[in-house]
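K.L.:
what follows is a predicted protein model with its sequence.
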Amino acid sequence: MEGFGAFLKSRRDRVTPAEIGLRTFGTARRVPGLRREELAQLAGVSAGYYTRLEQGQAETASKQVLDALARVLRLDRIETVHLHNLAQRSARPGLSEPPREEPHPRVLALLESLGDATPAIVLGRRGDVLAWNRLGHALIAEHVAFDAPQEPTRRPSVPRMFFLDPLTRDLYRNWDELARVHVAYLRLTAGRFPTDARLAELIGELTMRSDEFAMMWTVGEVADCTVGTMRLRHPTVGAVSVDYQVWLQPDSPDHRLEIYTPNDSGSADAVRILTHQSRRDTGPDSVRRHN
């Protein structure tokens, strides 16, 4: 899991003096970005105080100080949220086993209301598939058992599939782009849930087993994951391009309902073929529900 000080330093290294109007008079610099003293002065704090923050003593940082640092470091809204989350982490206890995730009945009802013509899945905080309809399953994971989300120990993990499953990797023509989004979102999630032992285990496993994940994690990007495009090389229907959009539910804010819509006529035809196939193969029950 990422620390507050490491995040500060990574962002300090990215900001050049020229970007914020500092004149260096051509002197040689030993750091790629701002010096600690420069950042401290611009944020209105002492150099010693800022050094303590970067060393992990974030419990002393007020909201005003964090906002000032975010302004100087030119953080966007999501990065600023992440900075605040990390600052609160030091005051929390160590890792603990999280409660079992179950989709809220209203989320399942919304998933069912989409019918069998709109691909959709419900994702937990760590990217586990909590539920999906037949078409969502057929679109992104037809090689995985449809009933896998029913049992917590068998639930497909989208991050694990992305980095450790060759079939999933082959599915995405824009794998590099989507992989970076997954890593950046995991970093944001880690800041929100710093005591989640299963999340820490997931990040550690991916770091050890995937060189690409480890490299992307080291880059330090942080971002939300709400909308985007997936360009698929589907084994059954060929090339498919869909837009995804995430719907957050007030009853279970940690969970996301992800819906996929075709963005061209060829992709719409491909989704219709998958719809007919799933109807033929499975019968009337189109959503896997949980008891």
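P.N.:
Happy to help now that I have it.

K.L.:
domain map for the chain?
P.N.:
When the chain is parsed with automatic domain parsing, its domains come out as 4-89, 105-282.

K.L.:
out of these, deepest packed?
P.N.:
Among the domains of the chain, domain 105-282 has the highest mean neighbour count (mean count of other C-beta atoms under 10 Å), at a mean of 18. Just so you know, the C-beta spots here come from the backbone N, C-alpha and C atoms, and that holds for glycine as well.

K.L.:
centre of the chain versus that one, how much separation?
P.N.:
Distance of domain 105-282 from the chain centroid (C-alpha atoms, centre = their mean, to the nearest Å) equals 11 Å.

K.L.:
before we move on, the earlier item: Serialize the domains of the chain to TSV and add fields for distance to Pro99 and mean pLDDT.
P.N.:
Output for those, formatted as TSV (distance: least, C-beta to C-beta, whole Å; pLDDT from 0 to 100):
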stretch	distance to Pro99	mean pLDDT
domain 4-89	20	84
domain 105-282	10	93
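
K.L.:
who wins for proximity to Glu97 among those domains?
P.N.:
domain 105-282 (5.4 Å; C-beta to C-beta).

K.L.:
without its sequence neighbours, what residue ends up closest to Gly44?
P.N.:
Ala68 (5.7 Å; C-beta to C-beta, 6 or more residues apart in numbering).

K.L.:
go ahead and flag the most central residue of this structure.
P.N.:
Tyr185 (1.9 Å; C-alpha atoms, centre = their mean).

K.L.:
save the domains of the chain as JSON lines, and put in distance to Leu95 too.
P.N.:
Below are these laid out as JSON lines (distance: least, C-beta to C-beta, whole Å):
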{"stretch": "domain 4-89", "distance to Leu95": "11"}
{"stretch": "domain 105-282", "distance to Leu95": "4"}
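
K.L.:
returning to what we had before: so the residue nearest to Gly44 belongs to a strand, correct?
P.N.:
No: remark: Ala68 does not belong to a strand; assigned using DSSP: H, G, I helix; E, B strand; the rest coil, it is helix.

K.L.:
just to revisit the earlier point, what's the closest of the domains of the chain to Ser96?
P.N.:
Using C-beta to C-beta, the domains of the chain put domain 105-282 closest to Ser96, at 5.1 Å.

K.L.:
wait, Arg266 touches His234, no?
P.N.:
Quick fix: residue 266 is Gly, not Arg. No: checked against C-beta atoms under 8 Å, the pair Gly266 and His234 is beyond contact range at 11.6 Å.

K.L.:
now do the shared contacts for these two.
P.N.:
Common contacts of Gly266 and His234 (C-beta atoms under 8 Å, 6 or more residues apart in numbering): none found.

K.L.:
can I get the helix or strand where Ile203 lies in PDB? Just the C-alpha atoms.
P.N.:
Element membership of Ile203 [criterion: DSSP states H and E] is helix 197-209. Taking Å, rounded to 0.1, in the frame of the first residue of the first chain, the C-alpha atoms of helix 197-209 are listed here in PDB:
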ATOM      1  CA  ALA A 197      -6.100  -6.700   4.200                       C
ATOM      2  CA  ARG A 198      -7.500  -8.300   1.100                       C
ATOM      3  CA  LEU A 199      -6.800  -5.200  -0.900                       C
ATOM      4  CA  ALA A 200      -3.200  -5.200   0.300                       C
ATOM      5  CA  GLU A 201      -2.900  -8.900  -0.500                       C
ATOM      6  CA  LEU A 202      -4.200  -8.200  -4.100                       C
ATOM      7  CA  ILE A 203      -1.800  -5.400  -4.700                       C
ATOM      8  CA  GLY A 204       1.100  -7.500  -3.300                       C
ATOM      9  CA  GLU A 205       0.200 -10.500  -5.400                       C
ATOM     10  CA  LEU A 206       0.000  -8.500  -8.600                       C
ATOM     11  CA  THR A 207       3.200  -6.700  -7.900                       C
ATOM     12  CA  MET A 208       5.000 -10.100  -7.400                       C
ATOM     13  CA  ARG A 209       3.400 -11.900 -10.300                       C
END
